[in-house]
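[1] Below: sequence and its predicted model.
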Amino acid sequence: MAEKSHLLGLMARRETVRLMQAQGEFRQIRDRHAEAARMAERLAQMLESRRVEEVAPLAAADLFRAHRMNLSIAEQVERSAAQAADLSQAMAAAQEAMARQDHRTQALQDAAAIARTAEAEDRLARAEAQRPTARARG
C-alpha cells in the first residue's frame, strides 16, 4: 500500500510541474498581449495626431508621402489590434488549461493524502493484530 501513496505523490509532483509550466506560458502570452495592446494604442494615437495636425500648403508629393505614411500606420494599428485579439483568445485558452491542470494536481494530491491515511490505518491495524492479547500475557 505504501507504494500507492508514493506513486500518487510523485504523480502529483509531476502535475505540479506541468501546472508551473502552464503558468509560465500564460505569463508569456499575457505579456505579449499587453505589448500588442500598448503598440496598437500608441500607433492609434500617432495616427490621430498626424490626422489633426494643421499643415501649411504642401506639394503633391509631400501630401502623397504623408497619405502613404498614414495608411501604413493604420495597417499596423489593425495588425496590432488583431494580434492583441488573438492573444486574448490564447490567454483564455491558457487559463482554461491552467484550471484543468490545477484540478488534476489537486485530485492527485487528495488521492495521495487519502492513500497515506489508509496506509497508516492499515499499519496500525496490523500492529494491533500482532500485539499479544491480555490473556496470553498472564
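    Nice, thanks for sending it over.

[2] how far is the strand or helix carrying A36 from where the chain is centred?
    Secondary structure assignment for A36, by DSSP states H and E: helix 2-52. Centroid displacement of helix 2-52 relative to its chain, using C-alpha atoms, centre = their mean, to the nearest Å, is 5 Å.

[3] just checking, what packs against that helix?
    Counting contacts by 3 or more C-beta pairs under 8 Å, 6 or more residues apart in numbering; DSSP states H and E, helix 2-52 packs against helix 60-130. Quick note: C-beta positions are derived from backbone N, CA and C, even for glycine.

[4] now the helix it packs on against helix 2-52, angle please.
    160 degrees (axes from the mean of the first three to the mean of the last three C-alpha atoms, to 10 degrees).

[5] can I have stretch 32-50 written out in PDB, keeping just the CAs?
    Coordinates of each C-alpha in stretch 32-50 appear next as PDB, following Å, rounded to 0.1, in the frame of the first residue of the first chain:
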ATOM      1  CA  ARG A  32       2.800  39.600 -25.400                       C
ATOM      2  CA  HIS A  33      -0.900  40.600 -25.300                       C
ATOM      3  CA  ALA A  34      -0.100  43.700 -23.200                       C
ATOM      4  CA  GLU A  35       2.700  44.700 -25.500                       C
ATOM      5  CA  ALA A  36       0.400  44.300 -28.600                       C
ATOM      6  CA  ALA A  37      -2.300  46.300 -26.900                       C
ATOM      7  CA  ARG A  38       0.200  49.100 -26.000                       C
ATOM      8  CA  MET A  39       1.600  49.100 -29.500                       C
ATOM      9  CA  ALA A  40      -1.900  49.400 -31.000                       C
ATOM     10  CA  GLU A  41      -2.800  52.200 -28.700                       C
ATOM     11  CA  ARG A  42       0.500  54.100 -29.400                       C
ATOM     12  CA  LEU A  43       0.100  53.700 -33.100                       C
ATOM     13  CA  ALA A  44      -3.600  54.800 -32.900                       C
ATOM     14  CA  GLN A  45      -2.500  57.900 -31.000                       C
ATOM     15  CA  MET A  46       0.200  58.600 -33.500                       C
ATOM     16  CA  LEU A  47      -2.200  58.300 -36.400                       C
ATOM     17  CA  GLU A  48      -4.700  60.500 -34.700                       C
ATOM     18  CA  SER A  49      -2.100  63.200 -34.100                       C
ATOM     19  CA  ARG A  50      -1.000  63.000 -37.700                       C
END
